[in-house]
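Colleague: I would like the atomic coordinates for the input below:
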Amino acid sequence: MSKTPLRQTSRSLPIALLRARETVMGPVREMLSASGVNEQKWRVLRVLDESGPLDQSLLAEKACLQLPSLTRILKAMEEQALVTRATDPDDRRRSIVTISEVGRQVIEDHAVANRALFQRLEAAYGQTRMETLLDLLEELNRTDLKG
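Modeller: Sure, this is the predicted structure:
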């Protein structure tokens with residue numbers, strides 16, 4: 001029986017992306033560990049702080065979360081007073097999410113550590129290479145593999 005050859009796992013894009021994610025996210029998780037905010041909540045806060053109030057579907061997309069997961073996460077975030085949700089007055093089926101002052105304070109409390117973390121990463125990896133990597137990842141994100 002012949003085996004279909006596959007790439008070595010050391011050169012597998014999915015595995016390489018997971019390894020790189022852990023390299024970056026491990027220190028972020030550590031930074032957030034004392035705050036009661038996990039990486040998913042952090043992404044939601046960052047997106048809302050940057051974008052302003054958003055419809056839940058768009059927030060899920062921008063924060064790289066599945067909508068059912070976001071719905072569960074938002075419930076917890078509301079209980080922590082990190083965000084508020086309101087019905088869209090123009091479309092009562094839509095829910096608009098807004099960061100609260102408590103949520104903004106979480107970002108502010110971690111801003112210096114977050115900036116220092118990514119400055120260390122950029123210093124170790126190189127600013128030009130970091131920008132190139134981000135550009136390549138954005139390009140990869142736009143690639144349609146559903147063919």
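
Colleague: next secondary structure after the longest helix along the chain?
Modeller: If you go by DSSP state H, the chain has its longest helix at helix 101-125. Later in the chain than helix 101-125, the nearest helix or strand by DSSP states H and E is helix 127-141.

Colleague: which other helices and strands does that next one contact?
Modeller: On a contact count with 3 or more Cβ pairs under 8 Å, 6 or more residues apart in numbering; DSSP states H and E, helix 127-141 meets helix 101-125. Bear in mind the C-beta positions are built from the backbone N, C-alpha and C, glycine included.

Colleague: could you list the residues in contact with the helix it packs on?
Modeller: 24, 27-28, 31-32, 35, 37, 42, 45-46, 48-49, 77, 80-83, 130, 133 (Cβ atoms under 8 Å, 6 or more residues apart in numbering).

Colleague: gap between stretch 11-24 and the chain center?
Modeller: Distance, stretch centre to chain centre, for stretch 11-24: 16 Å (Cα atoms, centre = their mean, to the nearest Å).

Colleague: which one is the residue nearest in space to the middle of the chain nearest to, not counting chain neighbours?
Modeller: Centroid-nearest residue in the chain: residue 43, 4.0 Å away (criterion: Cα atoms, centre = their mean). With sequence-adjacent residues excluded and distances taken as Cβ to Cβ, 6 or more residues apart in numbering, residue 43 is closest to residue 63, at 4.3 Å.

Colleague: who's in contact with the one you found?
Modeller: Counting by Cβ under 8 Å, 6+ apart, residue 63 makes contact with 40, 43, 44, 46, 47, 70.

Colleague: 6 Å instead, please
Modeller: Residue 63 makes contact with 43, 44, 47 under the criterion Cβ atoms under 6 Å, 6 or more residues apart in numbering.

Colleague: what does residue 12 give?
Modeller: Residue 12 makes no contacts at all, as judged by Cβ under 6 Å, 6+ apart.

Colleague: please enumerate the helices of the chain.
Modeller: Under DSSP H, the chain gives helices at 13-32, 39-51, 56-62, 67-79, 101-125, 127-141.

Colleague: contacts for the second one?
Modeller: Put plainly, it is helix 39-51. Here helix 39-51 makes contact (Cβ under 6 Å, 6+ apart) with 29, 32, 62, 63, 73, 77, 99, 103, 107.
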